[in-house]
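>>> only geometry, no sequence info:
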């Protein structure tokens, strides 16, 4: 008699994911526009590229922003925006799907029709972390060590 052994699927590490989202929060609030209202924008000039951070929606505990590249993209190459939801009460920020009725799943079976990676949600948030780190190393998001700023 043959026995079929089923391979365990991908299981996301919640502590690892939440740590990443907490780091994203502490970095993303440094690039927000000064005015915290819908439609407020801030331009970030990084090397030969320009990005726009725009506040799309605000609520009591959340802020939705959209980060788009407005200058420096390669002609003919699609540069998708990053839609980020900031949860102020939990102090986390995560990349969300541009259509808020759809969600990026924590894990996907592989292979799948849209060829998402098994850990797609973690990877897009890790990309946000890398991008924010890039902003800080190039002087666009200065560290705020003011003890009264609630960042320390």
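Thanks, I have the structure now. Keep in mind that this is a model prediction, so the values were computed, not measured.

>>> tell me the centre residue of this protein?
Nearest to the mean C-alpha position of the chain, by Cα atoms, centre = their mean, lies residue 95 at 3.7 Å.

>>> Report the contact partners of it.
Neighbouring residues of residue 95 by Cβ atoms under 8 Å, 6 or more residues apart in numbering: 82-84, 104, 121, 124-125, 127-128. In short, each C-beta sits where N, CA and C put it, glycine included.

>>> switch the cut-off to 7 Å
Residues in contact with residue 95, defined by Cβ atoms under 7 Å, 6 or more residues apart in numbering, are 82-84, 124-125, 128.

>>> shaky segments in the chain?
Within the chain, the segments meeting pLDDT under 70 span 1, 4-11, 73, 98-103, 108, 116, 139-152.

>>> mind listing the helices for it?
14-28, 120-137 (DSSP state H).

>>> of all those helices, which lies closest to residue 2?
helix 120-137 (33.9 Å; Cβ to Cβ).

>>> Can you list the helices and strands that the closest one packs against?
Judged by 3 or more Cβ pairs under 7 Å, 6 or more residues apart in numbering; DSSP states H and E, the packing partners of helix 120-137 are helix 14-28, strand 41-46, strand 92-96.

>>> let's see it at 10 Å
If you count contacts as 3 or more Cβ pairs under 10 Å, 6 or more residues apart in numbering; DSSP states H and E, helix 120-137 packs onto helix 14-28, strand 41-46, strand 49-58, strand 62-71, strand 82-87, strand 92-96.

>>> Sheet partners, orientation included, of the fifth one?
Partners of strand 82-87 in the sheet, by DSSP bridges, are strand 62-71 (antiparallel), strand 92-96 (antiparallel).

>>> go on, the third one?
Strand partners for strand 49-58, identified by DSSP bridges, are recorded as strand 41-46 (antiparallel), strand 62-71 (antiparallel).

>>> Distance from the chain centre to it, please.
Put simply, strand 49-58 sits 12 Å off its chain's centre (Cα atoms, centre = their mean, to the nearest Å).

>>> So for that strand, what gets flagged as buried?
The neighbour-count check on strand 49-58 (16 or more other Cβ atoms under 10 Å) flags 51-56, 58 as buried.

>>> Can you lay out those as CSV showing distance to residue 39?
Converted to CSV, the buried residues of strand 49-58 look like this (distance: Cβ to Cβ, whole Å):
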residue, distance to residue 39
51, 17
52, 12
53, 12
54, 7
55, 7
56, 8
58, 10
